[in-house]
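Asks: sequence and computational prediction follow.
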Amino acid sequence: MRADAARNHQRIIDAALSAFQDAGPGVTLDEIADRAELSVATLYRRFRNRDQVVSAVLDHVLSTEIEPVAAAHTDDAWHDLAGLLGTAVDSLAQHRGLLSAARESRTFDVESVHRCANSLHQMLQRAIAAGVVRPELEVRDLAAVIVMTLSTIHPEDPEGADRERYLALLLDGLRPSAHHLPPPSAHDVPGAAEQR
């Protein structure tokens, strides 16, 4: 990507992230272009439609706010794993406008979270090796924990009490147990848009 194209791409991402935060999920491409101080034609050269903008902004949040946490390790594999899942949930919860737009456009689902699969996989393998989680867990289980917890966000709970409660409940389900989990289906877990 040329330097000017890369700058325009980042301006659009930054403007869209700010617009979703300020104005909610109904932000138009015209509004995003205005905030980025670019023409709508320039925006359309980078993104064919609004869903692509939403997806790119979501990827930006995942790669800049969540993946760096996955790279930090301590001697406590459970603390690292629970911290990563908590950070992912908290980060995405702070971007409620973006999250709503992603759900509406069906660009937020387990696959979106699964894009951080390598980081999640490494963290999960450390936790399994340390014996602090169920050995039968898969990366998709961690992605589903994030998606399920985010489904508990609602406007009547601005402090996130429900989010914290259900994340804690789901985290307990990751701990070793005498009872094995049933095997997963051959298909991936349904997305958040289908769980609403």
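Replies: Good, I have the coordinates.
Asks: next helix or strand past the helix or strand where Ile146 lies?
Replies: Take DSSP states H and E as the rule and Ile146 turns out to sit in helix 139-150. Downstream of helix 139-150, the first helix or strand assigned by DSSP H and E is helix 161-174.
Asks: in the protein, which helix is the longest?
Replies: Criterion DSSP state H: the longest helix present in the chain is helix 3-23.
Asks: re earlier: which strands or helices does the helix holding Ile146 pack on?
Replies: If you count contacts as 3 or more CB pairs under 8 Å, 6 or more residues apart in numbering; DSSP states H and E, helix 139-150 packs onto helix 77-94, helix 110-114, helix 117-129, helix 161-174, helix 192-195. The C-beta positions use only the backbone N, C-alpha and C, and glycine is treated the same way.
Asks: between the longest helix of the chain and helix 77-94, how many degrees?
Replies: 80 degrees (axes from the mean of the first three to the mean of the last three CA atoms, to 10 degrees).
Asks: chain center to helix 3-23, what's the gap?
Replies: The chain centroid and the centroid of helix 3-23 are separated by 18 Å under CA atoms, centre = their mean, to the nearest Å.
Asks: quick one on the thing from earlier: off-centre distance for the helix holding Ile146?
Replies: Worked out by CA atoms, centre = their mean, helix 139-150 lies 9 Å from the chain centre.
Asks: got a list of what Ser91 touches?
Replies: By CB atoms under 8 Å, 6 or more residues apart in numbering, the contact set of Ser91 is Val61, Glu65, Ile66.
Asks: got it, and Ser18?
Replies: Arg35.
Asks: domain-wise, how is the protein divided?
Replies: 1-48, 50-195 (automatic domain parsing).
Asks: rank these by mean pLDDT and give me the bottom one.
Replies: Mean pLDDT per stretch puts domain 50-195 lowest among the domains of the chain, at a mean of 86.
Asks: so how far is that one off the chain centroid?
Replies: From the chain centre to the centre of domain 50-195 is a distance of 7 Å (CA atoms, centre = their mean).
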